[in-house]
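Student: model the structure of this input:
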Amino acid sequence: MQEIETGNFATPRWVIYPPASIRVVNWNINRGLELKRVIEFLVSARADLVLLQESDLNARRTHHLNVAKEIAQKLQMNYVFGREFQELAQGSPASPAYHGQATLSRWPLSNWRIIRFRRQSNFWGPHWYLPDVEPFQKRIGGRLALVSDANIAGKTIVTYNLHLESKGDEGLRCAQIDEALEDARRYDSNTPILLAGDFNLDVSNGLAAAAISRTQFQDAFANQHMRTTLAHSFLDQGRTIDWIFTRGPIRASQPQVHRSVSASDHYPLSIALALA
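Tutor: Numbers count the residues shown, from 1 in each chain. A predicted model of the protein is given here:
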């Protein structure tokens with residue numbers, strides 16, 4: 001489950017200096033069930049750097065496609081995919097199915113690695129009394145952060161693509177955030193870092209907010225928070241659980257939650273990222 005898949009589909013560009021800013025999109029794409037509409041939005045967004053959560057690989061529900069690779073090819077981007085779970089109800093022993101995070105870039109990606117969080121929920125694991133069929137979603141693996149460097153004409157941005165646990169309590173999710181933040185301490189204050197993903201948690205206050213603030217990460221949506229998941233009922237009006245944070249000599253502007261896009265149960269988030 002430590003396996004990482006990569007692919008290079010970006011057109012090589014001879015650029016002496018990095019651009020003044022780039023466009024970043026963060027999005028939980030709900031396995032890529034609406035892949036055509038996902039691609040349509042990403043094309044229209046003209047993103048330079050894309051962080052995706054819940055991307056399928058060889059799953060029955062998404063027609064056995066490699067969703068990250070399909071998107072990268074259509075957008076002519078490079079990609080890195082980290083396996084979060086083996087989906088036992090979506091494949092077979094001879095042809096397993098996976099689900100995880102993907103980071104895509106118009107620029108080269110390097111130094112990719114996985115942080116498999118030490119604290120995990122036991123909710124998803126297979127149990128003898130449950131069959132490996134839908135709707136039980138039995139899985140092998142665990143939540144992770146996918147880390148990679150985007151090399152933008154001599155300027156390196158370290159990206160952390162997070163998907164925190166949806167089950168369990170807030171303490172579990174805070175512990176997973178802490179692991180990513182602790183890992184980021186290896187980089188000095190002059191290293192640009194982008195930390196984004198589906199946190200399954202409102203981190204605008206409480207223990208998570210305090211931990212993020214202590215490590216000098218800045219909320220790209222400061223004072224502009226809105227719900228990032230679809231409303232499911234009168235009682236469930238959606239949640240604010242998808243986030244983008246920055247640290248170092250980069251600055252976020254033009255934050256937007258694209259609430260008109262209905263290709264997933266989450267809305268895509270975008271920012272402009274100025275490179276100092």
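Student: who's in contact with residue 43?
Tutor: Contacts for residue 43 were tallied using CB atoms under 8 Å, 6 or more residues apart in numbering; they are 74-75. Where you see a C-beta, it was placed from the backbone N, CA and C, and this is true even at glycine.
Student: name the element it belongs to?
Tutor: helix 35-45 (DSSP states H and E).
Student: buried residues of that helix, list them for me.
Tutor: 35, 38-39, 41-42, 45 (16 or more other CB atoms under 10 Å).
Student: what do you get for stretch 81-94?
Tutor: 81-91.
Student: what's the answer for stretch 178-196, then?
Tutor: So, applying 16+ other CB under 10 Å, buried residues of stretch 178-196: 178-181, 184, 191-196.
Student: if we can go back for a sec, between the buried residues of helix 35-45, which sits nearest residue 64?
Tutor: residue 35 (12.2 Å; CB to CB).
Student: can you name the element that comes right after whichever strand or helix holds residue 51?
Tutor: In this structure, residue 51 sits in strand 49-57 according to DSSP H and E. Using DSSP H and E, the helix or strand that follows strand 49-57 in sequence is helix 67-75.
Student: which elements pack onto that next one?
Tutor: Judged by 3 or more CB pairs under 8 Å, 6 or more residues apart in numbering; DSSP states H and E, helix 67-75 is in contact with strand 4-7, helix 35-45, strand 49-57, strand 78-87, strand 98-105.
Student: list the buried residues in that helix.
Tutor: Neighbour-count burial for helix 67-75 [16+ other CB under 10 Å]: 67-72, 74-75.
Student: cool, and stretch 221-240?
Tutor: Buried residues in stretch 221-240 (16+ other CB under 10 Å): 221, 227-230, 238, 240.
Student: output the longest helix along the chain in CSV with nothing but the alpha carbons.
Tutor: When the chain is scanned for its longest helix (criterion: DSSP state H), the result is helix 170-184. Taking C-alpha atoms only, helix 170-184 is exported to CSV below (Å, rounded to 0.1, in the frame of the first residue of the first chain):
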residue,chain,number,x,y,z
GLU,A,170,-12.3,15.0,16.0
GLY,A,171,-9.3,13.9,18.1
LEU,A,172,-8.4,11.3,15.4
ARG,A,173,-8.5,13.9,12.6
CYS,A,174,-6.5,16.4,14.7
ALA,A,175,-3.9,13.7,15.3
GLN,A,176,-3.6,13.1,11.5
ILE,A,177,-3.3,16.9,10.9
ASP,A,178,-0.6,17.0,13.5
GLU,A,179,1.4,14.3,11.7
ALA,A,180,1.4,16.3,8.5
LEU,A,181,2.3,19.5,10.2
GLU,A,182,5.1,17.8,12.1
ASP,A,183,6.5,16.4,8.8
ALA,A,184,6.4,19.9,7.3
